[in-house]
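Student: Whatever this is, show me its structure:
(2 chains)
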Amino acid sequence: MERLKPILTRIAQAIPVVVGVVVISFVLTRALPGDPAVFFAGAAADAASIEQVRSELGLDQPLPVQFLYYVQDLASGDLGNSVSTGQPVATDLARRLPASLELTLAALLLSCSIAVPLGVLAATRPGSWVDHVCRVLVTTGVSMPTFFTGILLIYVFYYLLGWAPSPLGRLDFMYIEPDRVTGFFLIDAALVGDWETWLAALKQLALPAITLALFTMAPIARMTRAAMLAALSSDFIRTARAAGLTRRKILYGYALRNALLPVVTTLGMVFSFTLGANVLVEKVFAWPGIGSYAVEALVASDYAAVQGFVLAMALLFVALNLVIDIAYAAIDPRIGFESQ
Amino acid sequence: MSTAAAAPAAPRQSTLGHIAYVLKDNPVTMLAFAMFAVIILTAFIGPLIAPYDPLASNAARALEAPSWDHWFGTDNLGRDVFSRVLVATRLDLTISVAAVALSFIAGSVLGAAAGYWGGWLDAALSRILDTIMAFPLFVLAMGIVAAMGNTIENIIYATAVINLPFYARLVRAEVNIRRNAGFAQAAKLSGNSDVRVLALHIFPNALPPMMVQISLNLGWAILNAAGLSFIGLGVRPPTPEWGIMVAEGANFIVSGEWWLAFFPGMALVLAVFTFNLLGDGLRDMVDPRRRT
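Tutor: Numbering: from 1, shown residues only, chains lettered A, B, ... in the order given. A predicted model of the protein is given here:
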C-alpha cells in the first residue's frame, strides 16, 4: 500500500492533462473550415433539411453543450466518420495502428541496441575517436530530416544497389498477408511458420526502420553518454574501484544500471519525436500506418480523421509517459512524485 | 553573434576577449558562424544571384543531370534546381525566424509573469504548457494547420505554438530563482515598479540561455516547416521551398533522378546543422560548465 500511493498520485496528475488534450482537440475540431451539417445533409439538401441535420448533430446547441456531446461520443469510442474511407475513424485507426507500432518498435529497438553501447563507449573513453564519432553522429542525426534520410536510403539501397525491395508498403504484392493475430507481420508470419513471408516483411521493414532509428539514435546516445559520465564519477563507483572489483563488473553491474534510469526517461521524449517522424517516414515508404492515414486525410480535407489521429496520438503519448513514470518509481524507490 | 556586434567596445573588452578565446579554442564554432553568415547572405541576395528564374520552366531541358549550365540539374519541368534552392533560402529562413521570434516574445512575457508573480497565473500556465507538451509536437502542428487553414502564416503560428513551452519554461525558471535576489530587491526599494524590475533587472539575466535555445530552435523550426510542406501543408507548388522540393523530387528518386531531392535536402541539412553547431558553440560561451 505504501508503494501504491505515489503511483495513484501520478495517475491523478495525468487527469488534468487528459482533460486539456480533449479540450484542445475539441477546439481544433470546431475551428475546422466548412459546415459539417451541409456536408452530411448531402448535395440535394435544401435549407430546411440542412437545419434538421444541424439539430440532429447537435450543432445548434451552445458550445459547452456541444462539448458535452463530444465527450459523450469520445467516451463511447466514437471519433466520427472518415469522409474518404466512409468508415468510423476509430475503426480505421485501430486497423492501421499495428503497422505503425511495428515500425516504431523495430526502429526503437534498433536504435537502442546501437546508441546505448555507443554512449557507454564514448563515456568510458572521453576524447577518444569513439567519443568524436559519437558526437558527429549525434549532431548529424538531429540535423537530418527523416524524410530526406529515407529518400537517400531508397536511392542507395533500392536504385543503386538493388538490395531493398521497392519502397511500397509492408509486403511485396507477390506475398499474401499472414492471418491477422497481432497485426504485426513479423509476429503473425512467425506464428504460422511462414518464413518466406517473414523474410519479405523484414526486407520491407528494414529501410523505414533504419530511417527512424538514425533519427532517434542521437538523443539516446547523448543521454547514455551523459548519464554514464555522471555515474562513473560518483562515490559508489569510486568505492567499487577501491574494493577491487573488475572493470566489467563496475561498468555493467553498477554504472550502467544506474545510468539506464535517465535513459528510460529520455525514451519517452524520443517516442514523441518518433510518433511525429512516423508521419513523414510512412509517407516516404508508402507504409500503411496511421501516419500515412493522417496525411491522406489531410490531402482529402478529411478533418474528422485528422483530428481523431491527433487525439489518438496524444492519448497514446500521455499513457506511455504514465507507464514510464510508474516503471521508474517501481525501479528506483528513491523517486517520489511529491518532489516533482 | 549579436553580443559581439552590439557590445560597446570599452566595458565589454573582457567579454569580447572571452568570446575570442573560446572561438580560438573551437574552430567548429567558428565554422558555424561562417556558415551562418553565408546562409543569411543567401537569404538576402539569393534571388539576385540566381542564374535562372526559379519558376521558368523549359520543357526541352527537363530532368537533366547536373552540368555546367545547371549546377544542380533541372527538374521535371526544366526548372533550374540551383536557382530554386538559392531562392528558397529566404522563405525557409523567414518561416523559422518568424516562428521562433513569436514564441520567444510570447514565451518571455508569459514565463516572466508566471515566474515573478507565481500563484494561479503560474499554475494555469504550467497546466497549459503540460497540455501542449502532451501532444507529439509535429502531430499537434499538423492538427493546428489543418484546423486553421492551409497557409504559410498558419505554419508559422503552429511552429510558434509548439516551440512556446521551451521558452516559457526556461524564462520562468530563470526569473523565479532571481525573484527575491538582492539586486532585484534593491531595484524595488529604489522605487522601480514591479514591471520595470522584471523587465529591466531580472529578465536580461535569462537572455544568455535564451540565445542558445533560439539557435537550437531555429534548426528545429526549419525541419518542422519543411516536414509540414513535405506532407503538403502550407507552402504550395510552384513556390520554391526546400521541403516541397524534396517531396517533388521523391517521385523521381526510384527512377534514378537523384538531384531533384538531393540538393534541396542537403541545403536543409546544412542549415539545420549550422544552427545546431551554433547553439552548441553559444552554450560553450554562455555556460562553460555544460560543455559536453
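
Student: ok, now which ones touch the residue of the stretch 151-300 of chain A found nearest chain B?
Tutor: Relative to chain B, the nearest point of the stretch 151-300 of chain A is A:Gly276 (2.8 Å; Cβ to the nearest Cβ). Where you see a C-beta, it was placed from the backbone N, CA and C, and this is true even at glycine. Contacts for A:Gly276 were tallied using Cβ atoms under 8 Å, 6 or more residues apart in numbering or on different chains; they are B:136-139, B:227.

Student: in what helix or strand does residue 104 lie?
Tutor: Just so you know, I chose chain A. A:Thr104 is located in helix A:89-124, with elements delineated by DSSP states H and E.

Student: The chain in question should be chain B.
Tutor: helix B:81-117.

Student: Does that helix reach chain A?
Tutor: No. With Cβ under 8 Å from any Cβ of the partner chain as the criterion, chain A is not reached by helix B:81-117; the gap is at least 11.7 Å.

Student: Which other helices and strands does that helix contact?
Tutor: helix B:27-49, helix B:119-134, helix B:152-178, helix B:207-230, helix B:242-253, helix B:259-286 (3 or more Cβ pairs under 8 Å, 6 or more residues apart in numbering or on different chains; DSSP states H and E).

Student: from the chain's centre, how far out does stretch B:170-190 sit?
Tutor: 29 Å (Cα atoms, centre = their mean, to the nearest Å).

Student: next helix or strand past the helix or strand of chain A with the lowest mean pLDDT?
Tutor: When each helix and strand of chain A is scored by mean pLDDT, DSSP states H and E, helix A:36-41 comes last, with a mean of 63. Moving toward the C-terminus from helix A:36-41, the next helix or strand (DSSP H and E) is helix A:47-57.

Student: Now do the buried residues in that following helix.
Tutor: A:50, A:53-54 (16 or more other Cβ atoms under 10 Å in any protein chain shown).

Student: Considering those residues, which is situated nearest to A:Val156?
Tutor: Of all the buried residues of helix A:47-57, A:Val156 sits closest to A:Val53, with 53.3 Å by Cβ to Cβ.

Student: Tell me the pLDDT of that closest one.
Tutor: What the model reports as pLDDT for A:Val53 is 72.

Student: before we move on, the earlier item: which of the contacts of A:Gly276 are buried?
Tutor: So, by 16+ other Cβ under 10 Å, the buried ones in the contacts of A:Gly276 are B:136-139, B:227.

Student: What about these, which are in strands?
Tutor: Among the buried ones among the contacts of A:Gly276, the subset assigned to strands under DSSP state E is empty.

Student: so which of the residues you listed also contact chain A?
Tutor: B:136-139, B:227.

Student: Can you pull out the low-pLDDT segments for the stretch 51-200 of chain B?
Tutor: Within the stretch 51-200 of chain B, no range satisfies pLDDT under 70.

Student: who in it is up against chain A?
Tutor: B:127-128, B:130-131, B:134-140, B:142-144, B:146-149.

Student: Show me what secondary structure element comes after the helix or strand hosting A:Leu207.
Tutor: Assigning secondary structure by DSSP H and E places A:Leu207 in helix A:195-232. Sequence order places helix A:235-242 as the next helix or strand after helix A:195-232, per DSSP H and E.

Student: That following helix relative to helix A:195-232, how many degrees between them?
Tutor: 90 degrees (axes from the mean of the first three to the mean of the last three Cα atoms, to 10 degrees).

Student: For helix A:235-242, list the C-alpha coordinates in CSV.
Tutor: What follows is helix A:235-242, C-alpha atoms only, in CSV (Å, rounded to 0.1, in the frame of the first residue of the first chain):
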residue,chain,number,x,y,z
ASP,A,235,31.1,7.9,-5.0
PHE,A,236,29.8,4.4,-5.2
ILE,A,237,31.9,3.7,-8.3
ARG,A,238,34.9,5.0,-6.5
THR,A,239,34.2,2.7,-3.7
ALA,A,240,33.7,-0.2,-6.1
ARG,A,241,37.0,0.6,-7.7
ALA,A,242,38.7,0.8,-4.3
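
Student: Need the contact partners of it.
Tutor: Residues contacting helix A:235-242 (Cβ under 8 Å, 6+ apart): A:231, A:249-250, A:254-255.

Student: Tabulate the buried residues of helix A:47-57 (TSV), appending distance to B:Val272.
Tutor: Converted to TSV, the buried residues of helix A:47-57 look like this (distance: Cβ to Cβ, whole Å):
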residue	distance to B:Val272
A:Ile50	48
A:Val53	48
A:Arg54	47
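
Student: spatially speaking, which residue is in the middle of the chain?
Tutor: Let's take chain A. Nearest residue to the geometric centre of chain A (Cα atoms, centre = their mean): A:Leu275, 3.4 Å.

Student: oops, I was thinking of chain B
Tutor: Closest-to-mean residue, chain B, Cα atoms, centre = their mean: B:Leu218 / 1.5 Å.

Student: Can you tell me how far the spatially closest residue to it that is not a sequence neighbour is from B:Ala32?
Tutor: Closest residue in space to B:Leu218, ignoring its immediate chain neighbours: B:Phe275 at 4.5 Å, by Cβ to Cβ, 6 or more residues apart in numbering or on different chains. Distance, B:Phe275 to B:Ala32, by Cβ to Cβ, to the nearest Å: 8 Å.

Student: which one of those two has more residues nearby?
Tutor: B:Phe275 (27 against 22; other Cβ atoms under 10 Å in any protein chain shown).

Student: I figured that one hits B:Gln213, correct?
Tutor: No. Using Cβ atoms under 8 Å, B:Phe275 is not in contact with B:Gln213, being 11.4 Å away.

Student: Would you confirm that B:Leu164 contacts B:Thr131?
Tutor: No. Here B:Leu164 does not reach B:Thr131: they are 11.6 Å apart, not a contact under Cβ under 8 Å.

Student: near chain B, which residues of the stretch 51-200 of chain A?
Tutor: Near chain B, when you scan the stretch 51-200 of chain A using Cβ under 8 Å from any Cβ, you find A:135, A:139-140, A:142-148, A:151-152, A:154-155, A:158-159, A:166-167.

Student: Give me the subset of these lying in helices.
Tutor: Applying DSSP state H to those, the entries found in helices are A:135, A:139-140, A:142-143, A:146-148, A:151-152.

Student: for chain A, what are the low-confidence residue spans?
Tutor: Ranges of chain A meeting pLDDT under 70: A:1-3, A:31-45, A:56-59, A:330-340.

Student: For the helix holding B:Phe104, list every residue counted as buried.
Tutor: By neighbour count with 16+ other Cβ under 10 Å, helix B:81-117 contains the buried residues B:81-93, B:95-100, B:102-104, B:106-108, B:110-116.

Student: Let me see the confidence value for B:Thr292.
Tutor: pLDDT at B:Thr292 comes out at 46.
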